[in-house]
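*Asks:* Based on what follows, work out the 3D shape:
(one chain, ligands or ions: 1)
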Amino acid sequence: MKVGIPRALSYYAYYPFFETFFKKLGIEVVVSDESTKEIMDMGIEDTITDACVPLKLFHGHVRNLMNRVDYVFVPRLVSVNREATFCPKFLGLPDMIVCSIPQFKNMLEVRIDLKKSRFELFKICMKLAMTFKKGFFRAYNAYLNACYSLNNYTHQFLQGGIPPLGIVGQKKNNPISLAVLGYPYILYDPYMSLDLIKKLISMGVYVVTPEMISKGEKEKQVGKLKKNLFWTFSNEVIRAAYSLFENRKVDGIIHVTAFGCGPDFIVDKLMEIDAKKHNMPFLTVTIDEHTGQEGLNTRLEAFVDMLKIKKAKKEAALA
Ligand code: SF4
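*Replies:* Coordinates of the predicted model:
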């Protein structure tokens, strides 16, 4: 039995949980190939023009997997806490996929709505295990291991200062530190983000991403907005920004957003306004399927050069 997991959207936040869970149940896990132009083009063919780029890419990843596994895992991610839900694209994802790819018949769909009760995730896992005719003890063991994996990934790895998914090689004493804020499925997909994080690291920048800021740090920022945003990932991003404005641990912020993203119209504006108030250099990078590497490199280089000059002037004034 093989279950395919598309390398897009929730993969970048919750993959360690589901990989461990399925493997411990004795099911082979196949992840779709790394994003490429071909995968993106397949997604573009299936989706409407106005859909956001991450959603288009998800469709391409489903196509990449659907003929080589028994099931493709497509979660309907509703909530993981009581304060917010995921963006409507996550809520309607299985329906959209079924409508856009009529020949896709092997979807494994689960509704993940953890605000219902403390035991919801456990119940979901039991239900999944029953689909594969696995017994209670095996399922329970798989669930515990999956929780451990996710916890380990979040706390030891991300909050240990290492950007996710093998982006290594940066030094804490780099002359410029920059926060790169955005949703994990944009930042950590090298194709979608045009390898922006690696590019910055190669320019001698120390990069901080929202996942590298501790949960406690972000929770301290909860009261900053009169009202929480409706969407889980958006709250993560905006709280990471507020924490950075407050602690001034970085020299500037880059917000990476996707063309066609509804929630980011609000998130980007809120951050831009507050960045001005805190005198924090701020750059918005909007990515769509046509964004070119050269144009992005020029913008990044100009931003980093500007920060270096600013920092040198400040240090000279203090000397
Ligand atoms: S939050 Fe934005 S980028 Fe993410 S799925 Fe929703 S619309 Fe797309």
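*Asks:* hey, let's count contacts and neighbours off CA atoms from now on
*Replies:* Noted.
*Asks:* Give the full set of residues in contact with whichever residue of the stretch 151-300 of the chain sits closest to the ligand.
*Replies:* Going by CA to the nearest ligand atom, the ligand is nearest to Cys261 of the stretch 151-300 of the chain, at 3.6 Å. For Cys261, the contacting residues are Cys52, by CA atoms under 8 Å, 6 or more residues apart in numbering.
*Asks:* Tell me the secondary structure at it.
*Replies:* coil (DSSP: H, G, I helix; E, B strand; the rest coil).
*Asks:* so how far is Asp268 from it?
*Replies:* According to CA to CA, to the nearest Å, Cys261 and Asp268 sit 11 Å apart.
*Asks:* Only the buried residues of the least confident helix or strand in the chain by mean pLDDT, if you could.
*Replies:* Lowest by mean pLDDT, DSSP states H and E among the helices and strands of the chain is helix 215-219, with a mean of 85. For helix 215-219, the neighbour count (16 or more other CA atoms under 10 Å) marks Lys215, Lys218 as buried.
*Asks:* Just the residues contacting that helix, thanks.
*Replies:* Contact with helix 215-219 is made by Glu236, Arg239, Ala240, Ser243, as judged by CA under 8 Å, 6+ apart.
*Asks:* Can you narrow those residues down to the ones near the ligand?
*Replies:* With CA under 6 Å from any ligand atom as the criterion, the contacts of helix 215-219 include none near the ligand.
*Asks:* Closest to Leu9 out of these?
*Replies:* Using CA to CA, Glu236 is the member of the contacts of helix 215-219 that lies nearest Leu9, at 15.1 Å.
*Asks:* looking just at contacts, which helices and strands does the strand or helix carrying the closest one meet?
*Replies:* Using DSSP states H and E, Glu236 sits within helix 232-247. Applying 3 or more CA pairs under 8 Å, 6 or more residues apart in numbering; DSSP states H and E, one finds that helix 232-247 contacts strand 176-181, helix 215-219, helix 263-277.
*Asks:* Would the following helix or strand past that helix count as contacting the ligand?
*Replies:* For helix 232-247, the following helix or strand on the C-terminal side (DSSP H and E) is strand 252-258. Yes - applying CA under 6 Å from any ligand atom, one finds strand 252-258 in contact with the ligand at Ala258.
*Asks:* So that it lines up with my notes, have the first residue be 43 from now on.
*Replies:* Got it, the first residue is 43 from now on, which makes the last one we talked about strand 294-300.
*Asks:* what mean pLDDT does strand 294-300 have?
*Replies:* Across strand 294-300, the average pLDDT comes to 95.
*Asks:* Just the CA trace of that strand, in PDB.
*Replies:* C-alpha atoms of strand 294-300 as PDB (Å, rounded to 0.1, in the frame of the first residue of the first chain):
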ATOM      1  CA  GLY A 294      15.000  44.500   7.800                       C
ATOM      2  CA  ILE A 295      12.000  42.400   6.700                       C
ATOM      3  CA  ILE A 296      11.100  40.900   3.400                       C
ATOM      4  CA  HIS A 297       7.500  39.700   3.000                       C
ATOM      5  CA  VAL A 298       7.200  37.100   0.300                       C
ATOM      6  CA  THR A 299       3.600  36.800  -0.900                       C
ATOM      7  CA  ALA A 300       1.900  35.000  -3.700                       C
END
